[in-house]
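1. predicted model follows, preceded by the sequence.
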Amino acid sequence: MNLINFTDKGLCCPQGDFYIDPWKPVDKAIITHAHSDHAYAGHKYYLCHHHTKPLLQLRLGDNNYESVEWGETITMNGVKVSLHPAGHIIGSSQIRVEYKGEVWVISGDYKTEDDGLSGKFEPIKCNTFITESTFGLPIYKWKPQQEIFENIINWISRNKENGKTSVLLAYSLGKAQRVLQHIKDTTQDIYVHGAIWNAHEALLNVGWNLPVVKRITPDTPKEALKGTVVIAPPSADSSPWMKKFHPYSVGVCSGWMQVRGNARRRNVDAGFALSDHADWEGLLQSIKATQAERVFVTHGFQSAFSRYLNEEGIAIAAEVKTEYGSEDEEAPKQEVDETKDEL
Amino acid sequence: MNEQELHNEESIALQSGGLAMFAALVIQISSSTKTNDKLDALAEYFTLADDKDKVWVIAIFSGRRPKRIVSSTLLAEWCTALANIPSWLFLESYSTVGDLGETIALLLPDPVIKDGRGESLSYYLKKFIEIEKQDELVRKQFIIDSWQQMNHAERFVFNKLITGSFRIGVSQKIIVNALTKVVSLSSSVIAHRISGNWDPSTISFNNMLGDEVVDVDHSKPYPFYLAYALEDEPSSLGDPSEWQAEWKWDGIRGQMIKRNNELFVWSRGEELMTEKFPEYIILKDLLPDGIVLDGEIIPAENGKPLPFAALQTRIGRKNITKKQLTEAPISFFVYDLLEYNYEDWRERSLEERRNKMEEILQKINNNSIQLPPVIKFTQWDDLAELRKTSREMNSEGIMLKRKNSIYQVGRKRGDWWKWKIDALTIDCVMIYAQKGAGRRSNLYTAYTFAVKDGDQLIPFTRAYSGLTDKEFAQVDNFVKRNSLEKFGPVRTVKPELVFEIAFEGIAASNRHKSGVALRFPRMSRWRKDKKVDEINTLDDLKAMLNMYGK
């Protein structure tokens, strides 16, 4: 019997009697992070990181939550469980599972660059690593974030010169907070969409120190928005809600912007390849650093990525089908998560 | 290539000129859907760029692409080696990006020299011509050296140029309008000057667009006048007596020129096709000198048009066999008269031009050219009745032209309309899917469809247009969740989604398993209301072939 099994409810640890990021209701769920394709409603018990808890409360309402610090060990029926930073969004964690000396690590979603909010991803030594592969092709090579933020800031000041509002499309949980840190000084006021406001408030309430933003309401005067920055979820794109910002320029912050076709399809004015997932090199380096002899590859380019790991002798790899990959960047098309982002 | 970087490079590129400036132009044009933005970007380029580069930009954007100097296969091989990845991973990346030049630009290691060497567009294009015939090793060295000194944007356009695959969404109208801002000629004169047979490596900007014409090119065609589709009822056009009706023929739109006792035949894509149609040689003796005719290159037997498929057997062949000449004899169906006696007739009324055409064509009694009669009608209703017989005469419908209209440049509303018949349709099921290119990269948007034959599904056509972006996203999602097998870039899909395919014509074909080939197939409707067992059969398709394909 494997320590972790892939079942139709999600990743299951039969010995410890718990699931990790299950997509069907279970008794005990360990949650890597608060994106909706990993954190489903309906479980009887949730275990997550301290920073994830308020976000689950915001998205799923009151439940039986227990939260832990990174590195803290909990024992469940002899199985040792601990959480470790994954660097994807605030609170995102890898799950380390150990039983009788055998170690499995489930990455959830992760990125290797430190964004200053999510904690720095640390590779955990293990026998078996379960990795995502959202950007598991060599065409995905991220620029250093500093360079990307410079580009975003230049774009905002160009828009200001032309009397345009800069509408930045960024996922309401994760990307929005990350972008905000870096552009907070570009204009007097930063405005945000209601979905982003809700996440912002939830984080402020538990003591996060975030830049001041203003919520856009039906009463926000049109003139006040002129030349400012508006951060909105991708689902707001081309909706009537945007009319108020006219004249405006739309910029999308997403790893998918690496490929021109995606940017053209979205018909945006500017695409910034800023991702909360590891790029090709990031994935490879992380896997090598875990020293895992076996790797399971989930959502993304799983077949190409696992084939590469096998052929290059990096690990014995196999692809796994999951229900992950429908929120944030894992879905390159906005149609999929329109409802989820509205909160 | 990523957009943010490109946008940032724009400002630097505009100062430095060279290939970087051209790359910035290409990115600006291809990432915008607004005509005005494209126009502004192009006008700015024409204002700032070097004359030599301008000539090349006009050439490249009007389809006068440089010859490819290396095959895509070799280019992919070299990139794969430099990127140090297995070749299947290159293909996997390519199928996701959907564009070879961009895939290579993304996969290449970072440049050795960061700021590039700043050579001009014309430098590279001259170099291409220089090394085109040289040894593969010479070309390889040149390409790799160039890559190592270029940024992403430059690599991208460079790759498009060396593979001869430059296609960009700029109409002739936009190029002409942008040029009106930098040269002192009228738009119709510019349109004419940049048409026809000229070589960007020898002609100068001044020779092409200066105030004085330096030398006369006898082969030069006029820009075509194109009609929009009629969306309303024809009665919206007013008094029927002001309109001339003609059959719309399905061949290749062309222009026939006889000047200086030489004959030239141009396609609408500005390809010189004189040699392809030996039937026309005799017209050099029969047509008066100094004449330009607009018309349709069409297969016809004793004046009666044959289906387009007959012409397809000849297009693209270098040498035409005797058999093809007898089986698909080509005629020129005259639509209009643009020049007579070396005089530009485009500003005269259609009525006057038509009278002159009748006078000229009456004297020529030869199967290789004819002036199809106008359709006589007095009421719009009568014409609607006649239109229903279009398919029987191998016509696509009716053209309506205002009798007092001049011959304009490009696609214009108002005076010329095409009133096409409804397409043929068939219901079928999607069985294979493949990722698209360009703005559809990484999305499954090219599908193969099948009809039923007993228990079997017989593939009969591919289509990749007709759905909205939202529908494509839904089908893409279905494909990703319901694929059965993978053959290279193609996925076999659970046969479940039913579509109505519309097409303009059907012909027998022994290259296809189904035995038929369709003309202009596209998805006209997603039949969510239909199940797989309700689709059409191979027998239905064969019945259509019997009815319309002969």
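-> Done, it's in. Numbering: from 1, shown residues only, chains lettered A, B, ... in the order given.

2. quick one: pLDDT of residue A:31?
-> On the pLDDT scale, residue A:31 is placed at 97.

3. what sits closest to it if chain neighbours are left out?
-> residue A:48 (4.3 Å; C-beta to C-beta, 6 or more residues apart in numbering or on different chains). For every residue, glycine as well, the C-beta is placed using N, CA and C.

4. chain center to the helix or strand harbouring the one you found: distance?
-> Here residue A:48, judged by DSSP states H and E, is contained in strand A:45-49. The chain centre lies 17 Å from the centre of strand A:45-49; the measure is C-alpha atoms, centre = their mean, to the nearest Å.

5. who touches the helix or strand following that strand?
-> Sequence-wise, the next helix or strand downstream of strand A:45-49 (DSSP H and E) is helix A:53-60. Helix A:53-60 is contacted by residues A:31, A:34, A:36, A:39, A:41, A:46, A:48, A:63, A:65, A:67, A:90-91, A:173, A:198-199, A:202-203, A:205-206, A:343 when judged by C-beta atoms under 8 Å, 6 or more residues apart in numbering or on different chains.

6. break chain B into its domains for me.
-> Domains of chain B are assigned by automatic domain parsing as B:3-162, B:225-420, B:424-548.

7. kindly reformat those domains as a markdown table containing distance to residue B:176, mean pLDDT and mean neighbour count.
-> A markdown table is the format used below for the domains of chain B (distance: least, C-beta to C-beta, whole Å; pLDDT from 0 to 100; neighbours: other C-beta atoms under 10 Å in any protein chain shown):
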| stretch | distance to residue B:176 | mean pLDDT | mean neighbour count |
| --- | --- | --- | --- |
| domain B:3-162 | 10 | 86 | 19 |
| domain B:225-420 | 8 | 90 | 17 |
| domain B:424-548 | 25 | 89 | 18 |
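
8. using JSON lines, lay out the ones you listed together with distance to chain A.
-> Converted to JSON lines, the domains of chain B look like this (distance: least, C-beta to the nearest C-beta, whole Å):
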{"stretch": "domain B:3-162", "distance to chain A": "4"}
{"stretch": "domain B:225-420", "distance to chain A": "23"}
{"stretch": "domain B:424-548", "distance to chain A": "3"}
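
9. okay, and the beta partners of the residue nearest to residue A:31?
-> residue A:67 (DSSP bridges).

10. give me the pLDDT for it.
-> Model confidence at residue A:48, given as pLDDT, is 97.

11. separation between it and residue A:299?
-> Distance of residue A:48 to residue A:299, given as C-beta to C-beta, to the nearest Å: 20 Å.

12. which one's more surrounded, the two?
-> Each of residue A:48 and residue A:299 has its neighbours counted (other C-beta atoms under 10 Å in any protein chain shown); residue A:48 has more, 25 against 22.

13. right, and that one touches residue A:30 too?
-> Yes. In this structure, residue A:48 is within contact of residue A:30 by C-beta atoms under 8 Å, at 7.2 Å.

14. which neighbours do the two have in common?
-> In contact with both residue A:48 and residue A:30: residue A:83, using C-beta under 8 Å, 6+ apart.

15. so where is the stretch 201-343 of chain A shaky, pLDDT-wise?
-> The stretch 201-343 of chain A contains residues with pLDDT under 70 at A:326-343.

16. at 50 what do you get?
-> Within the stretch 201-343 of chain A, the set of residues satisfying pLDDT under 50 comprises A:331-343.

17. where along it do the helices fall?
-> Counting by DSSP state H, counting those that start in this stretch, one finds helices in the stretch 201-343 of chain A at the ranges A:222-225, A:260-266, A:280-290, A:302-311, A:338-342.

18. what about the shortest one, distance to the chain center?
-> How far helix A:222-225 lies from its chain's middle: 31 Å, per C-alpha atoms, centre = their mean.
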